[in-house]
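Asks: predicted coordinates and the sequence they were generated for:
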Amino acid sequence: MAKVTIEDLKRIKEQITRETALREGDAAVRITVHMGTSGIAAGAREVMGALLEEMNETDRRDIRIITSGCTDLCRNEPNVTVEIKGQAPVVYQFMDADKMRKVFKQHVLKGEIQKEYVLAEN
């Protein structure tokens, strides 16, 4: 059996800290992927996967990713809500992995709402 090194422990700690930071703590941005059964059936897992990939590419530590149940807007699933501190929440509809990447890069990182995907603001 291989021995665990200090470097291994540091790497594990960094990974756990990063994963926990995505869900907890104070944040300037909160992204909610609505993952009720209709959202999952419509592709919310793929949306979440793309979002996590984008998060891994950034060094931002003030962005939190959470999940929630259905928004009761099943025909518009998958839905994602982006909340930036000091701004009204924006609900995006009919999301897929590519749209999620665009919303992350343009809205979350640059502050440019992607109107073509918006279901509701406020």
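Replies: Thanks, I have it.

Asks: wait, is Lys10 part of a helix?
Replies: Yes. Secondary structure assignment (DSSP: H, G, I helix; E, B strand; the rest coil) places Lys10 inside a helix.

Asks: how many other residues sit next to it?
Replies: When counting by other C-beta atoms under 10 Å, one arrives at 10 neighbours for Lys10. Every residue, glycine included, has its C-beta placed from N, CA and C.

Asks: same check, this time on Leu119
Replies: Leu119 - counted by other C-beta under 10 Å - has 16 other residues nearby.

Asks: which SS class is it?
Replies: Criterion first, three-state DSSP; result for Leu119: strand.

Asks: which residues touch the nearest residue to it once chain neighbours are set aside?
Replies: Spatially, and ignoring its direct neighbours in sequence, Leu119 is nearest to Gln93 (3.8 Å; C-beta to C-beta, 6 or more residues apart in numbering). By C-beta atoms under 8 Å, 6 or more residues apart in numbering, the contact set of Gln93 is 73, 76-77, 79, 117-119.

Asks: who's in contact with Gly49?
Replies: Contact partners of Gly49, counting by C-beta under 8 Å, 6+ apart, are Ala97.

Asks: when you give positions from now on, start the count at 43
Replies: Okay, using 43 as the starting number, the last item reads as Gly91.

Asks: quick check: the gap between it and Leu151.
Replies: Look at Gly91 and Leu151: by C-beta to C-beta, to the nearest Å, they are 18 Å apart.

Asks: how about low-confidence regions in this protein?
Replies: Filtered on pLDDT under 70, the chain yields the residue ranges 43, 58-68, 163-164.

Asks: at which residues are the strands of it located?
Replies: Taking DSSP state E as the test, the strands found in the chain are 71-76, 105-110, 122-126, 132-134, 160-163.

Asks: make JSON lines out of these and add distance to Ala83.
Replies: Output for the strands of the chain, formatted as JSON lines (distance: least, C-beta to C-beta, whole Å):
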{"stretch": "strand 71-76", "distance to Ala83": "12"}
{"stretch": "strand 105-110", "distance to Ala83": "15"}
{"stretch": "strand 122-126", "distance to Ala83": "16"}
{"stretch": "strand 132-134", "distance to Ala83": "18"}
{"stretch": "strand 160-163", "distance to Ala83": "18"}
